[in-house]
Structures are given as C-alpha cells and as structure tokens.
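Asker: Show me the folded form of this:
(chains A and B)
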Amino acid sequence: MRRLAWSALLIVLVIFLTFLVFYELPSADPAQLRAGRLATPALVAEIREKFGLDRPFYEQFWIYMKSVVTEFDLGYSYYKNVPVREEIFARLPASISVAVGAFVLWLAIALPVGILTALRPRSRTDRAVTGMTLFFLSAPTYWLGLVMLFLFARDIGRFPLVGGAGTYVPLSENPKAWFESLILPWIVLAFGFAGLYARMIGENLREVMALDYVRTARAKGLSERRVVVRHGLRAALTPVVTLAALDLGFLLGGTILVETVFNIPGVGRYAVEAIQNADLPAIQGTVLFGAIFIIFAVLVADILYAVLDPRVRY
Amino acid sequence: MRVPGQRGAVLALIAIVGVALLVASSGTGAQHKRGGTLILLSAGDVDYVDPGQAYYSFSFQVLKPVHRALYTIPADVLTAVPDVAAGAPKVSGDGKTITVKIRRGIRFSPPVNREVVAADVKYAIERAFSVSLANSYAVAYFGVIAGSPATPPKTPKPISGIKTPDKYTIVFKLKEPSGAFVDALVMPITAPVPKEYAAKYDDKTTTEYGFHQVATGPYMLANDSSGNVKGVGYTPGKLIKLVRNPNWSAKTDFRPAYLDGVEVREGFTDSSVASRTILNGGADQNADFGPPPAIIKQVTTTPSLRDNMYGWPLGTTYVGLNTQKAPFDNLNVRRAATFALDRNAMRLAYGGPITGPIATHFIGPDFAGKGFEAGGGLEFNPFPSPNFSGSVAKAKAELKKAGFANGVYTGPAVTAVVSNPPITVNQGKVLAASLAKIGMKVNLKAVTTDAMYTKFCGTPKNQPELCPSVGWLPDFHDPVTLLYVTFSGKFIPESGNVNWPQLNDPKINAAMEKAKRIKNAQARYTAWGKIDRMITLTAGAIPLQWTNTLNLVSDRVVVAKMKDVQGQLDLAFTSLK
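Answerer: Okay, the predicted model is just below:
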C-alpha cells in the first residue's frame, strides 16, 4: 500500500515538473500558435481565456490534476482539438508492438548468448559478444536506423528485403505486413540491449556457477543442464529482471527515436509532435503515460524478484 | 503566410535551372491519363482540415481540390479565375460594393448532397471571424467588410455587410474601397459551408466541422455515412486520404481531376529517407519539406533525374531591425548595418545560389508584372557592395553620420534571436561577424522557430534588436500580402506581430492606405512597387533572398501543367503515367 502511495506521489511530482518546465522555459506561446500568424490580439486573448491559459499556474495545475484523478481526462490538444487520451490510446498499440517485439528479440538473443559466454569464458563467442556489444551500444539509434533503412528497406534499400519507413500497419489489419514493417525497428532496438544483457547474464552466471551450492548440486549428480538452468540461471537472472522490467517500461512510454526514424505512429512520435507544437495537454499526457509505465514496470519487477528469489519478501 | 518549417530551412533551387525546368515541363505536351492514387509524403501534419481554419501552404495544397473558393488560381498560371463564382466580381463605382454571382449546379458531397447557394459562402466567411474557428487572416483581409466584428464572437454571428439578395448572388458592402479585397476572394474561407449542417459543430468551444466536413471540389476527405472523416479520411499526424466526391460534376468545373484519389502519408521527418522514397517511386511528391542538399546534388548532377525536380520562386527572407529600440531607432545605424552585412555569406549559409537570388528589395520576381518592376526589379539596389559581400567603408561612413567617432559603433551589445535549425543559426553567426566589423557586438540567442515568433520577434515588448530568421510568403497574388501587414504601422499588435521592424512611418502608412483603395489593378501594383522602394530605403529590414522552393516528383507523375500558385502539385490537375 505504501509502495502504491509513493507511486501516486511520484506521478503527481512528474506532472508538476512538466508543468513547471513548460511555463518557465522559453517555449512557444500556445495561444499565439493556435491563433496563427495574422491573428488579432483580441482573438489571441479569447483563445487564452478559452483554454484557461490566462489563469495562474497553480490554478491550471489544480484543474488538470482534478480531471486526471476524477475522470482520467487528459484534456484536449490545443493544436488538434482532439482528446489527448483518445490520441494516446490510438497510438499505444504501435508503441507496444515496437517495445514488446524488441524485448522478446533481445531476450531471445541475450539468454543463450549469455549462457554460452558464461560457460566458455574468453572464447571466440565471448570476445565476439563483447565486440558486438560495444558496437551496438556506441552506434546512435538514429544513425543505426538510417543505415538499416538504406541497406534493407524495400523502397530505398540497397538489398530490399523488408518494409521501410512509414510502412507500419496495425496487427489487427494485416499480421504479415505488421511483422515485416517492424523487423528493422526491432533489430535496431534489440541488438544494443541484447549485447548488454548477454554480458550481464554471462557475468552473473559465471559468478553464480562458482558458488558452493552449485558445486553441491553437481556433487549430487545432477546433469549439467539442470545445474545451469535450475540452479545457476535462476539466481543469475534476478538482478537482470529488475533492469529488464525498467527498460521495457521505458520503451512502452515511447521509443521516440525508433518511431521517428521508421515513421511509426506511436506515443513517442506523438510526444515529439506535442513538444514541437507547444501542445501542453499532449506533452502532459505522454509524460504521464511514460511515468505510469515505468512505475508499473517497477512493481512488476518487484513481484518477479520475489518469485525468482524466495528469500525476498515485501 | 507561415513558411513551412523544414521547407523554410532547406529552400533550394538553382534559379536558372529552375526556370528552365519550369519552361521545359510546361512544354512537354505529355498525355494525361485518368486514374491512379497519388502519394504525397510529409514530415508533419496540415495545420487544419477545415477550410475556415487552414493557413499553411501544405494545408492549402491538400484542401484546394476539396473546397472550391469563390475564385481560384489554376495550375501553372498566376491569375485568379471564377470557381464557385459564375464570373468576375462586379465592383461599384465607389469601390465599396462587390457583387458576385454564384455558379449553379455545384453540390455538396454526402451527407449534405444539396446544391451550393450564396448563403453558404456568406456563412463560410462569417464563421471565420469566430473564436470557435480562430482564423488567422479573416480580420486582416476581410475585416474591411462592413459589420465585421472587431472583437471575435465565441461562435459564428451574422455580418451585416454580407447580403444574399437571391440564392445565387452575394453582395459585400465594404467600410472603404479595397482593391485587394477582390484578390483575397481566392482564400479558402470563401469556400461554401452549409450552415444547417455545420452550425452544430461550429457552436462548440472549438469547431469540429473539419472532422465532419463536406466538399464541393472533385475530391473529398474519405468519410463514413454520418460524414465523419476522423479516423477515416484523416488521422492526425498519420494519414490524409482524398477520394472522389460523388456529387462533383465536371460540367460545373474546369478542373480535369484525373486522379482517383490522393494519399498523404505523414511523419516522414527524415527528409533524406522521404526524398529517396520519392525518387525510387515509393511516393510521388514532397509536401512540407525540402530535399536535403545531398539529394539536390544527386538530382542536379544526374541527367536521368532532371525531370524529377522542379522549382518555383516564392517569398522573401530578411533580417528585421527593431526600429523602436536603440541603436536601430537611428536611420544611419540601420543603414550602417545594412551596408555591413555580408549577404553573400548569408546566402551561402542558407545553401548558396541554389536557394535563390539575393534580394535587394521585398517584392520578388514571382510578382513580375505585379509590382516587381515598379519596385525596382533587379536594378534597384540602394545598399550596393561588391558581390553583395558588404561594404565596411560605407557602413562606417553611416556610423559617422550617426555620431560615432571614427565610424565605429561604441554602444551596448545588441541581441539577435534566431530560429534554432543549424542553417539559421549559421546565418546568425554571419550577421554577428559582419556587424563585429563595425564594432557592434551581437549576442545570439537560438530558440525554436515557434518560440522565436511567438515569444520574441512577434511580441514587441520582448522583441530583441535583431530578428534575422524572418520571411514572408504571399497569400495571394497581390503585393499587398507581402507588404501591408509586414510593414504597416497600423499592424503592431502586442502579440502575433509580423511587422518585425515595427516600422511605423507615417508617409509609408499613408501610401499603403491609399494604395489599398486603388481599383485599377495595374495602378495598384505600381503604387505598391513604389511603397516597396520606400520601405527598403528605411533599412528597417535587410532583404536577404527571393527564395525558391524545390520539389521532387516521382517518375509516375506527368510533368505538365500541374503546379499550383505555391509551386506544389495542384492535385486536381496532376495525373499519373
């Protein structure tokens, strides 16, 4: 209960800070933007009143918080005059598709590679993983995305294999096209994480495999496979789970760069558009969703932690 | 009109090649075929899909084949012709009454379906004055209509100066004669809107008519049976889908309307990826962004790609000097800054000669025959310097006249607020380096383009001494749209100011008011040309370039008679091979 209360307080704090940043930094004037270049001052003043922008900071903040808490109403976009909640929900499936797909891919790569490097330290595999990790972590996502597009996208790639930028279609409409359109974004996101996670899993597993209880397990005559999977990996994965849950929560809040490069209409791209248009309700909405995802991910991580490690109790 | 963000930053064209391309493309005599769906790529979204709200060249391109205005400028020409109007407007002897007859037989798209009448045009203009729509230009261009509200009503209210004596006649009573009013009838707020259908959407705090709109042109935004377009023909930030309007009749229109439909795919923020997609045939034209330098180089140096690019001269960029604030409240200091500025380096920072000729006044060559020559054409250059690289000697002579000993500025540093894309930041640096040569220290402040306009350069109380990243596109083809709101002392509001020099010269103001009332078009253009010279001589703004826009088209597009007044594809004239 106390944990939930802290989470709620954290969300309020995030919203407050976003409000504060928006008001204090020299972003554009939303009323003026809405009114346009040739608008009269009377029109700007009317718009300011209409959106409540003429009210004091604390009053605007209170009205917003009340709507969020009582109705989960995130307000209307100043720029497009559409409900922000509706816009975010419409874009969530795309962000979830990118994040979850990348998450599955990076774990699918990281787990076997991590185990392999732990069991064969300083082998060629181990060195290759280290090199790949360094490369993918050093390569900026934006650059890597463009390289992938120029190499493999069907419309502009040198080796046209899969869908490129702007080809995303929802899973419900066409599963094959959905899958094809997301292969490159998944690879771009997953490879960096996969290298890092493979190294983490490898290091943790190596340490665990040197512990006494693993030696005891072996002495009891258990098969090596059982020793590694049931005794070694379970313990080695515990710290990784926390990090993975946090990373997934972060990605669900919007994979801004990948969505931008590959023109995927997700929450991340919506956030970028909102910032460009000084659209405070949309900015608040995307920040709020991001915060909720991360806080939820932390809770899930805590639960998984307890499942994986019976010593942990909350 | 607002300059599209990225296009404004990457405007590009070899002027001579561009003109050659224009000429060549007009004379290809290519055969137009019917059918096909044209695909446009854009980085961002249109500002609005409601014709009463839209004020952005990208929006105009998409909405022009959907909403027919009273008059329009067809592809490849710069002269307005009747559209919803049945003929030329009839102007009374005192210039204060304009009568327009409406063409019969134009029908609204489903679900309205009925014939367009004069009252629909009346309502369309009235609604534009309400806060519900918050149209930007209604007051500036249509505020001359008698009875138009000084304070915007929350929702549309009747305007006494617009009468509809019968179903097919609309009469505008003006407060004073206005030659430009007739030219402004091409603006999309004159596109008919059916009151009995739209009022329920307009009566909301912010109109929702755009999401339920009905069309009069050959195309409409795809909708469902109730007329809703949101999520069907328009998904903000993602897709705009135009389909044929089943109620459009070729008998009432001069547009060929070759295409079956148009798709605007949005979110292509990387101009390199988008440009390559067009060149590779994955899409047909760039909408709101310019091709990046690498693509321009590739196209201009590859003969087989020559037909994939065309250009169009449009708009003027300049440095605004705050004439209400020291030191630029002094004419000689302004003249000194103008002489000192290395305009050639400014153009190089912007992209070089490919981005258009260096401007020496404000009405550009795209207004040939409409004020450009009267403004001095290419000969009028009151601040000459070798190769436009600036003349420190002349600048120092001006500073001496301003009272600075030795011709070196010794006053406090000045601030320049620039828009933050690298191109405009570099231009700011060039400006700072130029003014440093005469002893003037410039503090550069880079902010987002919107913040630059709304918080600094467009708000007189916050306005810095220099605004080097400003410019203006014409709304229609009358020089009043280039010079009036941007240099008249009558237009310096507390916010949203576009008279960036805050120029308030009584002689210029009076000349403008007089020019606006001239009925004869040629005489009016000449008058504005002379005003252009007067403005240039105040040195309130330093003209930088008569910029050119550059567009890419795919191999599928028939490159003949298809460019609208903004240089984009006129979608109702474009066809696919």
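Asker: got a list of what residue 73 touches?
Answerer: Using chain A here. A:67, A:83, A:85 (Cβ atoms under 8 Å, 6 or more residues apart in numbering or on different chains). Where you see a C-beta, it was placed from the backbone N, CA and C, and this is true even at glycine.
Asker: Not quite, go with chain B.
Answerer: B:79-81, B:186, B:476-477, B:564-565.
Asker: Could you rerun that using 7 Å?
Answerer: B:79-80, B:186, B:477, B:565 (Cβ atoms under 7 Å, 6 or more residues apart in numbering or on different chains).
Asker: How about it, nearest residue that isn't a chain neighbour?
Answerer: Excluding the flanking residues, the one nearest B:I73 by Cβ to Cβ, 6 or more residues apart in numbering or on different chains is B:V565, at 4.4 Å.
Asker: Quick one, which of the contacts of A:D73 are buried?
Answerer: Neighbour-count burial (16 or more other Cβ atoms under 10 Å in any protein chain shown) applied to the contacts of A:D73 gives A:83, A:85.
Asker: Within range of chain B, give me the residues from the stretch 151-300 of chain A.
Answerer: A:155-156, A:165-166, A:260-261, A:263, A:265, A:269-270, A:273, A:278 (Cβ under 7 Å from any Cβ of the partner chain).
Asker: show me where pLDDT drops low in the stretch 1-150 of chain A?
Answerer: Within the stretch 1-150 of chain A, the segments meeting pLDDT under 70 span A:1, A:24-28, A:37-38.
Asker: again, but for chain B
Answerer: Using pLDDT under 70, the flagged stretches of chain B are B:1-30.
Asker: Count the neighbours of residue 170 for me.
Answerer: Went with chain A since none was named. Counted by other Cβ atoms under 10 Å in any protein chain shown, the residues lying close to A:P170 total 14.
Asker: switch to chain B, that's the one I care about
Answerer: 26.
Asker: so it makes contact with B:V100?
Answerer: Yes - contact status for B:I170 versus B:V100: in contact at 5.2 Å, counting by Cβ atoms under 7 Å.
Asker: out of everything not next to it in sequence, what's closest to whatever residue of chain B ends up closest to chain A?
Answerer: Ranked by Cβ to the nearest Cβ, the top residue of chain B for proximity to chain A is B:S136, at 2.8 Å. Excluding the flanking residues, the one nearest B:S136 by Cβ to Cβ, 6+ apart is A:G36, at 2.8 Å.
Asker: cool, B:Y350 as well?
Answerer: Looking at B:Y350 with Cβ to Cβ, 6+ apart, the closest residue is B:I423, at 5.9 Å.
Asker: Which of the helices or strands spans that neighbour?
Answerer: helix B:422-436 (DSSP states H and E).
Asker: So which bits of the stretch 51-200 of chain B are right by chain A?
Answerer: Checking the stretch 51-200 of chain B against chain A by Cβ under 7 Å from any Cβ, the hits are B:55, B:131, B:134, B:136-137, B:139-140, B:151-152.
Asker: what secondary structure does the residue in the stretch 151-300 of chain A that chain B sits nearest to sit in?
Answerer: As assessed by Cβ to the nearest Cβ, chain B sits closest to A:D155 within the stretch 151-300 of chain A, at 3.6 Å. The local conformation at A:D155, judged by DSSP: H, G, I helix; E, B strand; the rest coil, is coil.
Asker: got the contact list for it?
Answerer: For A:D155, the contacting residues are A:164, B:277, B:280, B:282, by Cβ under 7 Å, 6+ apart.
Asker: could you redo the last one with a cut-off of 10 Å?
Answerer: Counting by Cβ atoms under 10 Å, 6 or more residues apart in numbering or on different chains, A:D155 makes contact with A:149, A:163-167, B:273, B:276-278, B:280-283.
Asker: Only the buried subset of those, as a PyMOL command please.
Answerer: Buried subset of the contacts of A:D155, written as a PyMOL selection, criterion 16+ other Cβ under 10 Å:
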select buried, (chain A and resi 149+163+164+165+166+167) or (chain B and resi 273+276+277+278+280+282+283)
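Asker: So which residue is dead centre in chain A?
Answerer: A:L251 (0.7 Å; Cα atoms, centre = their mean).
Asker: Tell me the pLDDT of that residue.
Answerer: Per-residue confidence (pLDDT) for A:L251: 82.
Asker: what comes up buried for the strand or helix carrying it?
Answerer: Following DSSP H and E, one finds A:L251 within helix A:234-252. For helix A:234-252, burial by neighbour count (16+ other Cβ under 10 Å) applies to A:235-238, A:240-242, A:244-249, A:251-252.
Asker: tell me what it is packed against?
Answerer: With contacts taken as 3 or more Cβ pairs under 10 Å, 6 or more residues apart in numbering or on different chains; DSSP states H and E, helix A:234-252 sits against helix A:84-119, helix A:175-209, helix A:267-276, helix A:280-308.
Asker: now for the first one, which elements pack on it?
Answerer: If you count contacts as 3+ Cβ pairs under 10 Å, 6+ apart, helix A:84-119 packs onto helix A:124-138, helix A:175-209, helix A:234-252, helix A:256-261, helix A:267-276, helix A:280-308.
Asker: ok, B:D555 touching B:G282?
Answerer: No - using Cβ atoms under 10 Å, B:D555 is not in contact with B:G282, being 11.2 Å away.
Asker: tally of neighbours for residue 122?
Answerer: The chain I'm using is chain A. Around A:R122 there are 9 other residues, counting by other Cβ under 10 Å.
Asker: Hmm, no, I was thinking of chain B.
Answerer: 22.
Asker: wait, is it part of a helix?
Answerer: Yes - secondary structure assignment places B:K122 in a helix (three-state DSSP).
Asker: what about the residue of chain A found nearest chain B, neighbour count?
Answerer: For chain A, the residue closest to chain B is A:G36, as judged by Cβ to the nearest Cβ, at 2.8 Å. Per other Cβ under 10 Å, the neighbour tally for A:G36 reads 24.
Asker: unless I'm mixing things up, it is touching B:A134, no?
Answerer: Yes - A:G36 is within contact range of B:A134, at 7.2 Å (criterion: Cβ under 10 Å).
Asker: Which positions in stretch B:548-566 come out as buried?
Answerer: Per 16+ other Cβ under 10 Å, stretch B:548-566 contains these buried residues: B:548-555, B:557-566.
Asker: Tell me where the stretch 51-200 of chain B has helices.
Answerer: Secondary structure of the stretch 51-200 of chain B (DSSP state H, counting those that start in this stretch): helices at B:57-63, B:118-128, B:138-142, B:179-184, B:195-202.
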